[in-house]
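Asker: coordinates only, sequence not included:
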Ligand code: SF4
């Protein structure tokens, strides 16, 4: 499974007809929840490159690496 390198934890619960995804993000240190009626995992295990938090953290890391290698 593809997963964002900044994803700390992903837990899936089933409550009646509802799927509850709880995921912890290393970038903003928030624990988030996503509710869905069908299997619909959060962006962190799908197209995480489209996540604004991922993009900003990746840019920050890349610029740090560039500074060290210059
Ligand atoms: S995809 Fe975005 S919200 Fe999910 S762990 Fe990565 S940076 Fe955080």
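Answerer: That came in fine, so what should we check first? Because the structure is predicted, anything quoted here is derived from the model rather than measured. Numbering: from 1, shown residues only.

Asker: does the ligand have contacts with the helix-or-strand element of the chain with minimal mean pLDDT?
Answerer: For the chain, scoring each helix and strand by mean pLDDT, DSSP states H and E identifies helix 52-69 as the least confident one, at a mean of 90. Yes - Helix 52-69 comes into contact with the ligand when judged by C-beta under 6 Å from any ligand atom, the residues involved being 53-54. No exception for glycine: its C-beta is placed from N, CA and C like everyone else's.

Asker: what's in contact with that helix?
Answerer: If you take C-beta atoms under 8 Å, 6 or more residues apart in numbering as the criterion, helix 52-69 is touched by 4, 6, 25, 27-28, 48-49.

Asker: out of those residues, which is most surrounded?
Answerer: residue 4 (24 neighbours; other C-beta atoms under 10 Å).

Asker: got a list of what it touches?
Answerer: 43-45, 48, 51, 54.

Asker: circling back to that earlier point, so which of the contacts of helix 52-69 reach the ligand?
Answerer: Near the ligand, taking C-beta under 6 Å from any ligand atom as the test, the members of these found are 4, 6, 25, 27, 48.

Asker: point to the residue nearest the middle of the protein.
Answerer: Most central residue of the chain, judged by C-alpha distance to the mean C-alpha position with C-alpha atoms, centre = their mean, is residue 44 at 3.2 Å.

Asker: SS state for that residue?
Answerer: Three-state assignment for residue 44 (DSSP: H, G, I helix; E, B strand; the rest coil): helix.
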